[in-house]
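*Asks:* can't give you the sequence, but here's the structure:
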């Protein structure tokens, strides 16, 4: 399976990213990333209290009545009354689902998938693309800041949703078709996180701030040269984590500073939590689903726009 997590941030290129929807959770969001991702998002869905964060972000720019979400969905016990009234008066689609057996995260994902055909139909009409193999990618904003238990909850839901989608695709499509399907990425304050599936995973990581081949990775001077050579073009820092979330796993990886082959990794044992990217494309072979996380470049982290 191939992954291209930085495509959504490469707004200066002529080729648009894979069609995607933004999902805003009820957690602190990366406003810097939001400003970039909103330019190409087909729709923006707020999961209940995620509307509060979206509203505050738009209000900080004086655009709370112009920059609107497409849908607000959930049990609606977290959205502030004044925010709900504001968006209702502006005609935003607000859906209340009182179901204690599902979370606002999963309610939102279900809504996106149920309306996927209509969203993609509008996209195809606008772009002249009628590829029936396409599926929406979902970029989830928020989820790993704040309380630790809530962060684990979002990782749980990220895994749950990715596995449900993977199983559905395995039943109905060929591998060639699955490569054209949308994927789910969690965009937090400093990272991009997603679940790698069993087998060979090829991850495209261009524009990573890493030492050049003729530079020593341990040299402070190489870091300065790398940082100062067009820092505004970087999308990722070199740091990466490969985390076994289901128990022991055996992985083979290449394109990193520390490559390994058939290496056992587990919580309580050996972990690859601070490896470094050393190529524009890296590979991870695994027998079970594992969490993969990339560090965003400094300019794309939460609050970066305020610091500049």
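*Replies:* Alright, I've got the coordinates. None of the values given here were measured: they were computed from a predicted structure.
*Asks:* residue 264 - nearest residue in space that isn't next to it in sequence?
*Replies:* Nearest residue to residue 264, sequence neighbours excluded (CB to CB, 6 or more residues apart in numbering): residue 250, at 5.4 Å. C-beta: built from backbone N, CA, C; applies to glycine.
*Asks:* surely that neighbour is within a helix?
*Replies:* No: Residue 250 is assigned strand when assessed by DSSP: H, G, I helix; E, B strand; the rest coil, not a helix.
*Asks:* just to check, it is in contact with residue 262?
*Replies:* Yes: if you go by CB atoms under 8 Å, residue 250 and residue 262 touch, sitting 5.5 Å apart.
*Asks:* the more surrounded of those two?
*Replies:* Legend: neighbour count by other CB atoms under 10 Å for residue 250 and residue 262, higher for residue 250 (16 against 9).
*Asks:* remind me what the helix or strand in which residue 118 is found packs against, helices and strands.
*Replies:* Using DSSP states H and E, residue 118 maps to helix 116-127. Counting contacts by 3 or more CB pairs under 8 Å, 6 or more residues apart in numbering; DSSP states H and E, helix 116-127 is packed against no other helix or strand.
*Asks:* try 10 Å
*Replies:* Taking 3 or more CB pairs under 10 Å, 6 or more residues apart in numbering; DSSP states H and E as contact, the helices and strands that helix 116-127 lies on are strand 20-24, strand 43-47.
*Asks:* how far out from the middle of the chain is the last one?
*Replies:* With CA atoms, centre = their mean, to the nearest Å as the basis, strand 43-47 stands 14 Å off its chain's centre.
*Asks:* the residue nearest to residue 239 when sequence neighbours are not counted bridge partners, please.
*Replies:* Distances taken as CB to CB, 6+ apart put residue 295 closest to residue 239, at 4.3 Å, once the chain neighbours are dropped. Residues in a beta bridge with residue 295, per DSSP bridges, are residue 191.
*Asks:* check what pLDDT residue 295 gets.
*Replies:* Residue 295 carries a pLDDT score of 96 in this model.
*Asks:* how near is it to residue 151?
*Replies:* According to CB to CB, to the nearest Å, residue 295 stands 16 Å off from residue 151.
*Asks:* that older thread, okay, now the residue nearest to residue 239: neighbour count?
*Replies:* With other CB under 10 Å as criterion, residue 295 counts 20.
*Asks:* OK, contacts around it?
*Replies:* 190-192, 208-209, 236-241, 274, 277, 301 (CB atoms under 10 Å, 6 or more residues apart in numbering).
*Asks:* one more pass at 8 Å, please.
*Replies:* When contacts are counted by CB atoms under 8 Å, 6 or more residues apart in numbering, residue 295 touches 190-191, 236-240.
*Asks:* centroid residue for the chain?
*Replies:* residue 185 (2.5 Å; CA atoms, centre = their mean).
*Asks:* is it true that that residue lies in a helix?
*Replies:* No: counting by three-state DSSP, residue 185 is located in no helix; its state is strand.
*Asks:* against residue 4, how distant is it?
*Replies:* On the measure of CB to CB, residue 185 and residue 4 end up 10 Å apart.
*Asks:* again with residue 22
*Replies:* In terms of CB to CB, residue 22 sits 17 Å off from residue 4.
*Asks:* cool, and residue 211?
*Replies:* Using CB to CB, we find residue 211 at a distance of 23 Å from residue 4.
*Asks:* same question, residue 17
*Replies:* Where residue 4 is concerned, residue 17 sits at a distance of 8 Å (CB to CB).
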